[in-house]
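Undergrad: Sharing a sequence plus its predicted fold:
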Amino acid sequence: GQSLEQPSEVTAVEGAIVQINCTYQTSGFYGLSWYQQHDGGAPTFLSYNALDGLEETGRFSSFLSRSDSYGYLLLQELQMKDSASYFCAVKWEGGSYIPTFGRGTSLIVHP
Amino acid sequence: NAGVTQTPKFQVLKTGQSMTLQCAQDMNHNSMYWYRQDPGMGLRLIYYSASEGTTDKGEVPNGYNVSRLNKREFSLRLESAAPSQTSVYFCASMDRSGANVLTFGAGSRLTVL
């Protein structure tokens, strides 16, 4: 089966940098995605890594190491609005492309 | 606006009642998914449909049925609701090109008494 591990909660102050880690175990791995979800809202896509290395999108970056089955989301210049839950998700092939999510990391940004 | 539309947004049921959650997308995506979200459990896949005419079980299918009515619509049915099915349900569709981005509906909050 598939399993993903990420910290349940991370706290940081405004303006800081925070890293949210994700380790996974899956067969037929295709790629690792990150989603953001504010309280009461729907998850929204942040980034996707299919190959090893760093992908940068504005203040957010995502990293993947396929050999270590590990990735992380890096958030820079934290703002209060970044307080949300962040989910890593692996895309694997079990006959079809099936996204499986981790349990999520609650990021709390303090002033 | 293009996206995924779910109805209803809120529903309260009594144990044993049945209901159908409706989902429609207008992005011409082939794949559609139903997830449930419970506190501390992340998003767990109930059923998915890789393409029109096909459906498959996900991680937690018991107590649910689905219908892929056409390319746009994918419904989730609870035949005999149980309190354990109290949850927030999200429908999503996926673009299978490039990053395979999941686009989610706004969610349906279901309470079973």
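TA: Right, received. Where do you want to start? Numbering: from 1, shown residues only, chains lettered A, B, ... in the order given.
Undergrad: what does chain A put close to chain B?
TA: For chain A, the residues in contact with chain B (C-beta under 8 Å from any C-beta of the partner chain) are A:8, A:30-31, A:33, A:35, A:41-45, A:48, A:50, A:87, A:89, A:91, A:95-104. Backbone N, C-alpha and C define where each C-beta goes, glycine included.
Undergrad: Just the ones of those residues in strands?
TA: Those of the residues of chain A next to chain B mapping onto strands are A:30-31, A:33, A:35, A:44-45, A:48, A:87, A:89, A:91, A:97-101, per DSSP state E.
Undergrad: Show me which of those are buried.
TA: A:30-31, A:33, A:35, A:45, A:48, A:87, A:89, A:91, A:97-101 (16 or more other C-beta atoms under 10 Å in any protein chain shown).
Undergrad: Could you give the bridge partners of B:Cys91?
TA: For B:Cys91, the beta-bridge partners are B:Trp34 (DSSP bridges).
Undergrad: residue contacts, residue 61?
TA: Since no chain was named, I'll use chain A. The neighbourhood of A:Ser61, defined by C-beta atoms under 8 Å, 6 or more residues apart in numbering or on different chains, consists of A:Ser47, A:Leu54, A:Glu55, A:Leu73, A:Leu74, A:Gln76.
Undergrad: That was the other one, I meant chain B.
TA: With the criterion set at C-beta under 8 Å, 6+ apart, B:Pro61 makes contact with B:Ile46, B:Tyr47.
Undergrad: Need the three-state assignment for it.
TA: Judged by DSSP: H, G, I helix; E, B strand; the rest coil, the three-state class of B:Pro61 is coil.
Undergrad: separation between it and B:Leu76?
TA: According to C-beta to C-beta, to the nearest Å, B:Pro61 stands 10 Å off from B:Leu76.
Undergrad: Tell me where chain A has helices.
TA: Along chain A, no segments are classed as helices by DSSP state H.
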